[in-house]
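In: Here's a sequence, model it:
(4 chains)
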Number of protein chains: 2
Amino acid sequence: MKGYAYRSGEGEPSLQLPMWEALVTDAVGDVIEFWGFKRNHGRVWALLYVREEPMNSKELQEDLELSKGAVSMIVRDLEQWKVVQRVRKPGSSAWHFEAELDFMEMITRVLQEREGELIARVSEDLKDAENLARTSDVDEETLERIKRMRTLAGLMKQALDVFVKTAQLDVSQTRDLLG
Amino acid sequence: MKGYAYRSGEGEPSLQLPMWEALVTDAVGDVIEFWGFKRNHGRVWALLYVREEPMNSKELQEDLELSKGAVSMIVRDLEQWKVVQRVRKPGSSAWHFEAELDFMEMITRVLQEREGELIARVSEDLKDAENLARTSDVDEETLERIKRMRTLAGLMKQALDVFVKTAQLDVSQTRDLLG
DNA sequence: GCGAAAGTTCAAGAGGTTTTGAACACCTAA
DNA sequence: TTAGGTGTTCAAAACCTCTTGAACTTTCGC
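Out: Presented below is the predicted three-dimensional model:
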């Protein structure tokens, strides 16, 4: 097994990531993508986390082979989500970024936000549908089926809330998990 | 509020969906999309569910404004996931489709499959990363951080399994929920 | 304040996924 | 067996999201 991530040709100053860092960042990228975030959000956070030492945009750009613009946008998102903090480093005029530890909390929080909006909208639409159907000459069983769908939406929300609670509980039980 | 879903021009035989059906199918489409399926999977299933009466490809195609090919592929998926059944209808040579009721079960099942593959792969990669890091001159704390990520992946799996159980339990408690 | 470096923005492009529809295959009924 | 309706496939098109990089703005050190 090679010790360095593959890169053909010899473009930049050859600052490629060691294989193990590539594996870690890609792993987190895959996980975060599963949850509907962007792969590179995960890669950036993961690199900051394993390195411990705050990194600047230039370093992130080179190590993860991202563009200037991409790094700027990604760290902005991560800051807003409070999983990355912007810090000054003595002797440098550039901002540096360091990983916060509440990554799991962020995933569940954002997930719950998205899900909340969705369920609110869907419930509203199903209510409207039910009312409209009632004013048309729709039989009782059909109305019943629409109602059942609303129940189902409610159950989905409940189940997802349980997921969020479980995730947060698990993490807090393993307090200092990532620290 | 209009009683019919909007459609400009006058293309097909004007077999547009009543507004309430459009609301229902779109609602289910949105939900299923949230879970990483295709919008039209949800729309097709939802229409079959509210209509109760089995429909053929042609009807699905016209009512939901899908192409012939799309309908073919979508019902194939839904059949494989066991949420739609193919039936014969007397007096017609075309296949008809009817909705099965275990929609929620299907979502959680597919979700758990996807998640299972993901976590297996990620855990494997993190293990490799740890081993590689160990053979390099990586300090103990860094190794510890990689280990903690593996733990985190495990917790995520646990939490998702709880979600799946909760969802299935909720539905079974409300047995005949959709029936 | 000035020049240089760092950071941001966004239109255009790349990349990936879904949908289309024409060609082909399959069935059914006669 | 055949004709016509039905069903499937898949390359191309449409669509949508993410990334790039040049232009621009802000910040820093002096």
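
In: what about stretch A:96-108 and DNA strand D, touching?
Out: No - shown here: stretch A:96-108 not in contact with DNA strand D (Cβ under 7 Å from any atom of the strand), separated by at least 11.9 Å. Heads up, the C-betas are built off the backbone N, CA and C, glycines and all.

In: rounded to a whole number, what's the mean pLDDT of that stretch?
Out: Averaging pLDDT along stretch A:96-108 yields 95.

In: For that stretch, buried residues please.
Out: In terms of neighbour count (16 or more other Cβ atoms under 10 Å in any protein chain shown), stretch A:96-108 has its buried residues at A:96-100, A:102-108.

In: Can you name the residue of chain A nearest DNA strand D?
Out: Relative to DNA strand D, the nearest point of chain A is residue A:69 (2.1 Å; Cβ to the nearest atom of the strand).

In: Could you tell me how many residues sit around that residue?
Out: Neighbours of residue A:69 under the rule other Cβ atoms under 10 Å in any protein chain shown: 9.

In: And for the one helix or strand it maps to, what's in contact with it?
Out: Residue A:69 is part of helix A:68-80 when elements are defined by DSSP states H and E. Helix A:68-80 is contacted by residues A:38, A:40-41, A:44-45, A:57, A:60-61, A:66, A:84-86, A:97 when judged by Cβ atoms under 8 Å, 6 or more residues apart in numbering or on different chains.

In: Low-confidence bits of chain A, can you list those?
Out: A:1-15, A:175-179 (pLDDT under 70).

In: and the gap between the residue of it most remote from its centre and chain B?
Out: The C-alpha centroid of chain A is most remote from residue A:137, which lies 45.7 Å away (Cα atoms, centre = their mean). From residue A:137 over to chain B the distance is 11 Å, taken as Cβ to the nearest Cβ, to the nearest Å.

In: Secondary structure class of residue A:94, three-state.
Out: Put simply, residue A:94 is coil when judged by DSSP: H, G, I helix; E, B strand; the rest coil.

In: and the residue nearest the centre of chain A, what is it in contact with?
Out: The centre of chain A sits closest to residue A:37, judged by Cα atoms, centre = their mean, with a distance of 4.2 Å. By Cβ under 8 Å, 6+ apart, residue A:37 lies in contact with A:107, A:110.

In: Work out for me the element it sits within.
Out: Going by DSSP H and E, residue A:37 is not in any helix or strand.

In: try the one 5 residues further on
Out: For residue A:42, the host element (DSSP H and E) is helix A:39-51.

In: Check which helices and strands that helix sits against.
Out: Helix A:39-51 sits against helix A:19-34, helix A:57-64, helix A:68-80, strand A:84-87, strand A:96-99, helix B:140-173, with contacts defined as 3 or more Cβ pairs under 8 Å, 6 or more residues apart in numbering or on different chains; DSSP states H and E.

In: could you redo the last one with a cut-off of 10 Å?
Out: helix A:19-34, strand A:55-56, helix A:57-64, helix A:68-80, strand A:84-87, strand A:96-99, helix A:103-135, helix B:140-173 (3 or more Cβ pairs under 10 Å, 6 or more residues apart in numbering or on different chains; DSSP states H and E).

In: May I have the strands that pair with the shortest one, each with its orientation?
Out: To tie it back to what came earlier, the one meant is strand A:55-56. In the sheet, strand A:55-56 lines up against strand A:96-99 (antiparallel) (DSSP bridges).
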